[in-house]
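[1] Sequence plus predicted model, see below.
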Amino acid sequence: MTVGIIGGSGVYEALDLEGEATRYVETPFGEPSGRLTVGELAGEEVVFLPRHGRNHTLDPTEVPYRANVHALKQVGVERVLATNAVGSLREDLPPRTLVLPDQYFDRTKHRPMSFFGDGVVAHLSMAEPYCPHVREHLHSCADATDAEVVDGGTYVCIEGPQFSTRAESEFYRANDWDVIGMTTVPEANLAREAELCYAPLTGVTDYDVWREQSVTLSEVQKHAAANESAINAVLERAIRDLPDERDCDCGSALAGAVTTPPEAIPVETRKPLELLVGDYLNEAGADGL
Ligand SMILES: [Zn+2]
């Protein structure tokens, strides 16, 4: 079972992997954020990808989310552990707290949300946007480290790259949402479409502007760097103790989700989707979707 790690702000290097090698992967959806680092940890194959590029050159709108998820799928990843730097919308979630969100609220505006379209329509459930099995596993592994991890919460995903206004921040708080960031959407959506388990481990870097005069990059970076060691400790434990089998429905998320009959899907649309949905479409040729 191959595990993928998508490193967010402050997490640019892979864990200490044995037999570390670099892989360049091309996808029908363009180039991923950077080369993949592949290696082993406790006998598990691990693939690491820095979301913003190794030198942090891609802003949250520019991150090639589809290429990233497709690249991980191509190299055999089945479960993705994502890390994200977030602001806190709650007094009791100070900087350097780790949070395992269980919901998101999407406020992004300019991102391709799906691998589908262009003649093929798929509707998937996002009622539970993150894999419950992986979330639970991350939580139990956090207990075994020194990290303080809060289980559950709603991640408000804004477009960025600017931080939010005070009015926006107050609005999110009035809805009882918990943390704010710029990257879980559409990464979670695309992972679901690719039938990958996916869960974010977020690290609080600031209190957002409801409590502070302003959010400064230097403050965010200082706490993000401090969060890295706690996040890596949880990730390492999570990989070491990962159950062999997936105990969730993520691996069949596309079953019954494609609305378009296979014969109506244009060939040029079908080709780039082969890795994701080929088996279903081929089966459907005989059985119907
Ligand atoms: Zn899952």
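    Structure's in. What do you need?
[2] Checking my notes, Glu274 in a strand, right?
    No - counting by DSSP: H, G, I helix; E, B strand; the rest coil, Glu274 is located in no strand; its state is helix.
[3] isn't Phe116 right next to Ala122, touching?
    Yes - counting by C-beta atoms under 8 Å, Ala122 is a contact partner of Phe116 at 4.4 Å. Where C-beta positions appear, they are placed from N, C-alpha and C, glycine not excepted.
[4] There's contact between Glu31 and Val63 in this structure, I believe.
    No - assessed by C-beta under 8 Å, Glu31 is found out of contact with Val63, at 11.6 Å.
[5] out of those two, which sits in the busier spot?
    Using other C-beta atoms under 10 Å as the criterion, Glu31 and Val63 rank with Val63 on top: 21 against 14.
[6] which ones are touching that one?
    Val63 sits next to 33, 51-52, 183 when contact means C-beta atoms under 8 Å, 6 or more residues apart in numbering.
[7] same deal with Ile180?
    Taking C-beta under 8 Å, 6+ apart, we find Ile180 in contact with 86-89, 155-158, 164, 169, 172, 208.
[8] Tell me the spacing between Ser169 and the ion.
    Between Ser169 and the ion the distance is 32 Å, computed by C-beta to the ion, to the nearest Å.
[9] Skipping adjacent residues, who's closest to that residue in space?
    Excluding its sequence neighbours, the residue lying closest to Ser169 (C-beta to C-beta, 6 or more residues apart in numbering) is Trp210, at 4.2 Å.
[10] Ok, Leu190 next?
    Leaving aside its chain neighbours, Leu190 sits nearest to Val69 (4.2 Å; criterion: C-beta to C-beta, 6+ apart).
[11] in stretch 177-185, what counts as buried?
    Neighbour counts over stretch 177-185 (16 or more other C-beta atoms under 10 Å) mark 177-185 as buried.
[12] where does the protein come near the ion, residue by residue?
    131, 133, 197, 248, 250 (C-beta under 5 Å from the ion).
[13] Those residues in strands, which ones?
    In strands, defined here by DSSP state E, the members of the residues of the chain next to the ion are Cys197.
[14] Let's see which of the residues of the chain next to the ion end up in helices.
    His133 (DSSP state H).
[15] Quickly list what Asp106 is bridged to.
    Beta-bridge partners of Asp106, counted by DSSP bridges, are Cys157.
[16] Specify which member of the contacts of Ile180 is nearest to the ion.
    Nearest to the ion, judged by C-beta to the ion, of the contacts of Ile180 is Tyr155 at 17.7 Å.
[17] Give me the pLDDT value at that closest one.
    At Tyr155, the model reports a pLDDT of 98.
[18] Next, work out how far apart it and Leu281 are.
    Tyr155 sits at a distance of 33 Å from Leu281 (criterion: C-beta to C-beta, to the nearest Å).
[19] what's the answer for Gly251, then?
    Remark: distance between Gly251 and Leu281 (C-beta to C-beta) = 17 Å.
[20] Repeat that for Tyr172.
    Separation of Tyr172 from Leu281 (C-beta to C-beta): 40 Å.
[21] C-alpha coordinates for stretch 29-38, CSV please?
    What follows is stretch 29-38, C-alpha atoms only, in CSV (Å, rounded to 0.1, in the frame of the first residue of the first chain):
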residue,chain,number,x,y,z
PHE,A,29,-3.8,17.6,-16.5
GLY,A,30,-0.3,19.1,-16.8
GLU,A,31,2.7,19.0,-14.5
PRO,A,32,2.4,18.5,-10.8
SER,A,33,3.8,21.0,-8.3
GLY,A,34,7.2,19.4,-8.5
ARG,A,35,9.0,16.1,-8.6
LEU,A,36,7.8,13.3,-6.4
THR,A,37,10.1,12.0,-3.7
VAL,A,38,9.7,8.2,-3.3
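[22] Check which helices and strands the longest strand along the chain sits against.
    The longest strand of the chain (DSSP E) is strand 77-88. The elements that strand 77-88 packs onto, with contact taken as 3 or more C-beta pairs under 8 Å, 6 or more residues apart in numbering; DSSP states H and E, are strand 2-7, helix 132-143, strand 179-181, helix 184-193, strand 197-206, helix 217-240.
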